[in-house]
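Colleague: Next one to model:
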Amino acid sequence: MTFIKLFSLSALLLYNVASAFTVEYDSTYQIRTNKYNGKYLLKVVAISTEIDNRLSFYLLKRSDVVKRFDTLQTIIQSSINGEDVSFDEPVIIEDVNFDGNSDLRYVYNAGNQGENIDYSIWLFDSQAERLIYNEDFTEMVGCNTGINTISKTITSWSLDGCLGNCHSTSVFKVVNNKPVLIEEESQVMLDVENQKEPTFIYTHKKLKNKEMVLISKFVGTVDYIDSQLKKLAP
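Modeller: Numbering: from 1, shown residues only. Here you go, the predicted model:
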């Protein structure tokens, strides 16, 4: 039996779950770094029980002496909103901060009927050989995260109700290992009494000279705002 199989079986014993459990997800990923490829692996096991759901991460490092992987770090996260979140793809391994190292983000919540997927983001520190939770990335870019490796930007968007007519999109650059807002669009409903149709306000801002500058603003119905945005489209 291979080491990975042995590790998988032994990992399940660590949960010490009294009630019945089901393994929903069991996979191993390669952690690529700017110095080494194939040296680090991330073993991920997702378990659902009658009490909660649990994601366990095992950061492994290949031994230079013998053909085996040693465990560097163990992370166990529980109570992952099992009623809302699917384990179809709970984990994404990619370079979030564009430093050449694979990072970890995993689903921990799904709001607005599953439209807003929230990720917990952990950055890989190649010197410490650890995955380190990053609050700035999680809070600022963790919702419906999109990574653009060409422009080296991160997009985060959310639907905020109003039957899908209230929404926001933010674009970030990474500066000194922190996300910096460079562009944002938002549309919210105005609280206007006795209005025949719901009235919304749309704003578009961009970062210029270290300040967010208003590019465009429209107030009116959804149809009116959409018509104005079409005029701006190239």
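Colleague: so what's the most centrally placed residue in the chain up against?
Modeller: Nearest to the geometric centre of the chain sits Y119, at 3.3 Å (CA atoms, centre = their mean). By CB atoms under 8 Å, 6 or more residues apart in numbering, the contact set of Y119 is I92, R105, Y106, V107, Y108, T138, G142, C143, T145. Heads up, the C-betas are built off the backbone N, CA and C, glycines and all.
Colleague: Helices - which of the residues you listed land there?
Modeller: Cross-referencing the contacts of Y119 against helices under DSSP state H gives T138.
Colleague: Now do stretch 158-169, average pLDDT.
Modeller: On average, the pLDDT along stretch 158-169 is 89.
Colleague: Quick one: end-to-end length of it, please.
Modeller: Taking CA to CA, to the nearest Å as the measure, stretch 158-169 stretches 7 Å from start to finish.
Colleague: now it, how far from the centre of its chain.
Modeller: Centre-to-centre, stretch 158-169 and its host chain are 19 Å apart (CA atoms, centre = their mean, to the nearest Å).
Colleague: do you know how far the nearest residue to I92 once chain neighbours are set aside is from F21?
Modeller: Spatial nearest neighbour of I92, excluding adjacent residues (CB to CB, 6 or more residues apart in numbering): R105 at 5.1 Å. For R105, the distance to F21 equals 24 Å [CB to CB, to the nearest Å].
Colleague: same thing with E185?
Modeller: E185 is 43 Å from F21, by CB to CB.
Colleague: Quick check: the residue nearest to I92 vs L41, distance?
Modeller: For R105, the distance to L41 (CB to CB) stands at 17 Å.
Colleague: More neighbours: which of those two?
Modeller: R105 (24 against 17; other CB atoms under 10 Å).
Colleague: dump the residue contacts of that one.
Modeller: Shown in contact with R105 (CB under 8 Å, 6+ apart): V91, I92, E94, V96, Y119, S120, I121, W122, G142, T145.
Colleague: change it to 6 Å
Modeller: I92, Y119, I121 (CB atoms under 6 Å, 6 or more residues apart in numbering).
Colleague: So in terms of bridging, what pairs with T203?
Modeller: On the basis of DSSP bridges, T203 is bridged to S186, K217.
Colleague: quick revisit: the residue nearest to the centre of the chain: which element?
Modeller: Following DSSP states H and E, one finds Y119 within strand 116-125.
Colleague: same question, L59
Modeller: Here L59 is assigned to strand 53-62, by DSSP H and E.
Colleague: same for that strand, what does it pack against?
Modeller: Judged by 3 or more CB pairs under 6 Å, 6 or more residues apart in numbering; DSSP states H and E, strand 53-62 is in contact with strand 40-49, strand 69-78.
Colleague: Adding mean pLDDT, write those strands out as a markdown table.
Modeller: Listed next are the helices and strands packed on strand 53-62 as a markdown table, based on pLDDT from 0 to 100:
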| stretch | mean pLDDT |
| --- | --- |
| strand 40-49 | 87 |
| strand 69-78 | 89 |
